[in-house]
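J.: my questions concern the predicted model and sequence given below.
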Amino acid sequence: MQLVINSPGTFITQKNECFRLKQKEKVFDVSPLKVESIVISNQAMISTQAVVLALEHNIDVIFLDSFGDPLGRVWFSKMGSTALIRRKQLEAAEKPLGLQLVIDMIGRKMENQIRFLKKLMHARPEKDSLFTNPIKIIEKSLSGLVLEEQDLENARNRLMGLEGISGRAYFQCLSKIMPEKYQFKGRSRRPAKDPYNAVLNYCYGILYSRVEKACILSGLDPYVGFLHTDNYNKKSLVFDLIEPFRIYAEQTSVYLFTGKKMKDKYFDRNEQSVSLNTEGKPVVVEAINKHMEETVRYRRKNVKRRHILQHEAHRMANILLADEGEKRPDWLEIKEV
């Protein structure tokens, strides 16, 4: 499980080879054998003994900022990626293989968007006119995802343009099915300008940390990407690999609002931004963790969503390591229905 610490004043220490969580008079012990990672938001504390216990059990410790984005992490020193995989990543970034991986990731993202909108439409037959045009726009963008240009930079620009077109249509459609007071004018990242984007950004932040961990455990370098290749000191591969998995955060955030689980008291507002407060964050964390624990069909097996990230990261590593001309593993089988 992923141990999420988001209550202000919580102190994590080590006692009898277990993690001990203390908050005021409450004490809770957790065995490290049950923990895959520890996520700590601001205003919580962790002792060096707890950090050492985590490292001894190959458990990474992730620190989030107030927006829910990964700020930093501590992991076992022998878990880094191999030099060979890093070299293959750098080579692929300047070859058609890298762009083909990007096309597959963005394509799966668009397919998930279309599938999700159709599911929402079928649940709202009286509003099907809201979905028809956005679905057509995304389908047109999807059909344009082909590798034609020899110039890789031009190809990247064109792919990002198609991604932007489909994204605008997608989120405009999602806004229209929100409760009226929570409708929004499009994506706003940092800072969020409305409650929906505040929740979505927080879900994305949790997802980023999981994708980064999947990269590290697979021997991939999070900083060497294929689409986001020029972002200095940015986790470019995480930005690439998260694309087909964004649907997990989007489903969670949509269902929270359409299911009337979100309340005005969960948000702090000012003239420039909207953010989740300490009362709202646990609601969102519980929802996305529950979503990630659900079992879905994946490669003819029943698998929890959280495990799919790791499986696909390993498949990417194997694709990169395959010699030219050698049959590469099938890539990306992520379907949300």
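T.: That came through fine.
J.: between the two ends of stretch 143-154, how far is it?
T.: 18 Å (CA to CA, to the nearest Å).
J.: same question, stretch 258-266
T.: Distance between the two ends of stretch 258-266: 16 Å, counting by CA to CA.
J.: before we move on, what about stretch 74-88?
T.: 25 Å.
J.: what do you get for stretch 272-280?
T.: Stretch 272-280: ends 19 Å apart by CA to CA.
J.: and Arg269, how far from Leu220?
T.: Counting by CB to CB, to the nearest Å, the separation of Arg269 from Leu220 is 39 Å. C-beta here means a position set from N, CA and C on the backbone, and glycine is covered the same way.
J.: cool, and Glu94?
T.: Glu94 is 17 Å from Leu220, by CB to CB.
J.: so those two - more neighbours on which side?
T.: Leu220 (26 against 12; other CB atoms under 10 Å).
J.: how is the protein divided into domains?
T.: 2-74, 83-109+185-321 (automatic domain parsing).
J.: residue contacts, Asn277?
T.: Tyr266, Phe267, Asp268 (CB atoms under 8 Å, 6 or more residues apart in numbering).
J.: mind putting these into TSV with distance to Ser209, neighbour count and pLDDT?
T.: Formatted as TSV, the contacts of Asn277 follow (distance: CB to CB, whole Å; neighbours: other CB atoms under 10 Å; pLDDT from 0 to 100):
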residue	distance to Ser209	neighbour count	pLDDT
Tyr266	21	21	96
Phe267	22	18	95
Asp268	22	15	94
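J.: which of the residues you listed lies closest to Ile106?
T.: Nearest to Ile106 out of the contacts of Asn277 is Phe267 (CB to CB; 31.3 Å).
J.: select the longest helix from the protein.
T.: Looking across the chain with DSSP state H, the single longest helix is helix 96-122.
J.: show me what counts as buried in that helix.
T.: Under the neighbour-count criterion of 16 or more other CB atoms under 10 Å, helix 96-122 has 97-114, 116-117, 120-121 buried.
J.: model confidence over that helix, on average?
T.: Taken as a whole, helix 96-122 has a mean pLDDT of 92.
J.: and that helix, what does it pack onto?
T.: helix 129-143, helix 152-176, helix 236-241, helix 246-258, helix 305-321 (3 or more CB pairs under 8 Å, 6 or more residues apart in numbering; DSSP states H and E).
J.: compute the inter-axis angle for the longest one and helix 96-122.
T.: Meaning helix 152-176. Between helix 152-176 and helix 96-122, the angle comes out at 10 degrees (axes from the mean of the first three to the mean of the last three CA atoms, to 10 degrees).
J.: run through who's touching helix 152-176.
T.: With CB under 8 Å, 6+ apart as the test, helix 152-176 has contacts from 94, 96, 98-99, 102-103, 106, 109-110, 113, 117, 127, 130-131, 133-134, 137-138, 141-142, 144-145, 147-149, 183-187, 196, 227, 229, 250, 254.
J.: chain center to that helix, what's the gap?
T.: In terms of CA atoms, centre = their mean, to the nearest Å, the centre of helix 152-176 is set 18 Å apart from its chain centre.
J.: one more: the fourth one?
T.: Between the mean C-alpha location of helix 246-258 and the chain-wide mean there is a distance of 12 Å, by CA atoms, centre = their mean.
J.: so for that helix, what gets flagged as buried?
T.: Neighbour-count burial for helix 246-258, counted by 16+ other CB under 10 Å, picks out Arg246, Ile247, Tyr248, Ala249, Glu250, Gln251, Thr252, Ser253, Val254, Leu256, Phe257, Thr258.
J.: also the second one?
T.: By 16+ other CB under 10 Å, the buried positions in helix 152-176 come out as 152, 155-156, 158-159, 162-163, 166-167, 169-175.
J.: of the residues you listed, which is the nearest to Ser31?
T.: Among the buried residues of helix 152-176, and counting by CB to CB, the member closest to Ser31 is Leu174, at 40.0 Å.
J.: backbone dihedrals for Val35, please?
T.: Main-chain torsions, Val35, degrees, to the nearest 10: phi -110, psi 130.
J.: so who does it touch?
T.: Val35 touches Met1, Gln2, Leu3, Phe19, Ala54, His57, Ile59, counting by CB under 8 Å, 6+ apart.
J.: kindly recompute the last result at 6 Å.
T.: If you count contacts by CB atoms under 6 Å, 6 or more residues apart in numbering, Val35 has them with Leu3, Ile59.
J.: then Gln23?
T.: Ser7, Gly9, Thr10.
J.: buried set for stretch 24-42?
T.: Pro32, Val35, Glu36, Ser37, Ile38, Val39, Ile40, Ser41.
J.: pLDDT weak spots in this protein?
T.: 42, 67-70, 76-82, 147, 149-152, 228-233, 323-337 (pLDDT under 70).
J.: report the central residue of it.
T.: The residue lying closest to the centre of the chain (CA atoms, centre = their mean) is Leu207, at 2.9 Å.
J.: with that, I have no additional questions.
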